[in-house]
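Visitor: got a structure for you, letters missing:
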């Protein structure tokens, strides 16, 4: 099998995207990263194109469909400056 | 020997601290009054230590190393972790714990088929700190936190949670310490925060759950399937802490302190109290 020791370790299908959001939400500067450096942050993770798209959109319903844990989607939502109570409408708006 | 002196169960959402205006005032007042009732019961029981059992919201425990059950084993812990990154309504602070009691539970459990994960450092989240801020704001009673994975499936079964509860009661009774022990279960009831179903509250399920819980029909709660629970809300799985408490007080009736399906909080909010039969 190929792979360098410097590559991120492999994980389950849902692992990488959950990892990206988990790492982001633990940063003291998370809001600033979301506001100014989100693309750079996401680029550092081995993600599928649809995962990158869902994170960049952001596409809330799609993130849930991709297997992101609801607590993490919710926290990612609030990092975008959104009011928590507006989450259901945001998901519904995506059809 | 130690004695189980009190059981308390409460929803743990942070809205009661930092988003109160979202709830209908009458319902929020009922929730507040319920907390006062539980706090008075805790003060009257005067336990030497309390176990506090809760889900956690993917703040510490992540899918790279997710236990089913974990005990905090230390002299103190801290929280809420949410207060480190935003104004949460409760300041980040230290909480007294009981290392000897936690170690006893770990050692006995590992020998008797309860394979606890252990953490020796823990910044807990609102699931623990919000109830403690209302039940014991001075932090007088040391607490030992116990985590149940309710957020990252596959989850431990309700039956397994009930069995661990039964084991806890037995282990406490065999603890060679003249201590009074309370158990506080937090979480639930039906809610789907962070999912496409957020806002859905299954009040019928919640009321049936509380009927069984208060009648001492813990076996009925243990028999719930994950599918049945998940159908009522993607986060309703937190009721596993209540089911563990029901196991610890198997057969004991409980007082229904309050139940309100608070739409503005997206959660069916309930609180119960189980007094011990022992003097």
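Guide: Structure received. On a predicted model such as this, the values are computed, not experimentally measured, just so you know.
Visitor: Is stretch A:72-79 positioned near chain B?
Guide: Yes - using C-beta under 8 Å from any C-beta of the partner chain, stretch A:72-79 reaches chain B at A:72, A:73, A:74, A:75, A:77. Heads up, the C-betas are built off the backbone N, CA and C, glycines and all.
Visitor: swap in stretch A:14-30?
Guide: Yes - Stretch A:14-30 reaches chain B (C-beta under 8 Å from any C-beta) through A:14, A:15, A:18, A:19, A:22, A:28, A:30.
Visitor: got it, and stretch A:49-64?
Guide: Yes - interface with chain B: stretch A:49-64 contributes A:61, A:64 (C-beta under 8 Å from any C-beta).
Visitor: ok, residues contacting that stretch?
Guide: A:16-17, A:20-21, A:38-39, A:42, A:47, A:66, A:70, A:73, A:76-77, A:80, A:87, A:90-91, A:94-95, B:195-196 (C-beta atoms under 8 Å, 6 or more residues apart in numbering or on different chains).
Visitor: mind checking how far it is from the chain centre?
Guide: 7 Å (C-alpha atoms, centre = their mean, to the nearest Å).
Visitor: and that stretch, how far apart are its ends?
Guide: 16 Å (C-alpha to C-alpha, to the nearest Å).
Visitor: Report the contact partners of residue B:266.
Guide: The contact partners of residue B:266, taken as C-beta under 8 Å, 6+ apart, are A:85, A:88, B:191, B:192, B:193, B:198, B:199, B:201.
Visitor: where does it sit relative to residue B:132, distance-wise?
Guide: Computed as C-beta to C-beta, to the nearest Å, the residue B:266 to residue B:132 distance reads 22 Å.
Visitor: if we can go back for a sec, looking at pLDDT only, which of the residues of stretch A:14-30 next to chain B scores worst?
Guide: In terms of pLDDT, residue A:28 ranks lowest among these, with 89.
Visitor: in what helix or strand does that residue lie?
Guide: Under the criterion DSSP states H and E, no helix or strand holds residue A:28.
Visitor: how near is it to residue B:66?
Guide: Between residue A:28 and residue B:66 the computed distance is 24 Å (C-beta to C-beta).
Visitor: the more surrounded of the two?
Guide: residue B:66 (17 against 9; other C-beta atoms under 10 Å in any protein chain shown).
Visitor: Would you mind confirming that the more buried one is in contact with residue B:149?
Guide: Yes - using C-beta atoms under 8 Å, residue B:66 is in contact with residue B:149, at 5.7 Å.
Visitor: Overlap of the contact sets of those two?
Guide: Contacts common to residue B:66 and residue B:149, judged by C-beta under 8 Å, 6+ apart, are absent.
Visitor: one step back: which members of the residues of stretch A:14-30 next to chain B are the farthest-apart pair?
Guide: Within the residues of stretch A:14-30 next to chain B, A:14 and A:28 form the most distant pair, 25.8 Å apart (C-beta to C-beta).
Visitor: Distance across stretch B:63-80, terminal residue to terminal residue?
Guide: First-to-last residue span, stretch B:63-80, C-alpha to C-alpha: 21 Å.
Visitor: which residues touch residue B:234?
Guide: Contacts for residue B:234 were tallied using C-beta under 8 Å, 6+ apart; they are A:70, B:192, B:194, B:195, B:197.
Visitor: So which of the residues you listed is surrounded by the most neighbours?
Guide: Ranked by neighbours (other C-beta under 10 Å), the contacts of residue B:234 are led by residue B:194, which has 29 neighbours.
Visitor: Now do that one, the pLDDT please.
Guide: 88.
Visitor: helices and strands of chain B: which one has the lowest mean pLDDT?
Guide: helix B:15-18 (a mean of 93; mean pLDDT, DSSP states H and E).
Visitor: In the helix or strand just after that helix, which residues are buried?
Guide: For helix B:15-18, the succeeding helix or strand toward the C-terminus, using DSSP H and E, is helix B:25-45. The neighbour-count check on helix B:25-45 (16 or more other C-beta atoms under 10 Å in any protein chain shown) flags B:27, B:28, B:30, B:31, B:34, B:35, B:37, B:38, B:39, B:41, B:42, B:45 as buried.
Visitor: Could you dump those residues into a markdown table and include pLDDT and distance to residue B:124?
Guide: Formatted as a markdown table, the buried residues of helix B:25-45 follow (pLDDT from 0 to 100; distance: C-beta to C-beta, whole Å):
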| residue | pLDDT | distance to residue B:124 |
| --- | --- | --- |
| B:27 | 98 | 26 |
| B:28 | 98 | 24 |
| B:30 | 98 | 26 |
| B:31 | 98 | 21 |
| B:34 | 98 | 22 |
| B:35 | 98 | 18 |
| B:37 | 98 | 24 |
| B:38 | 98 | 19 |
| B:39 | 98 | 19 |
| B:41 | 97 | 22 |
| B:42 | 98 | 18 |
| B:45 | 97 | 22 |
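Visitor: Understood, closing this out.
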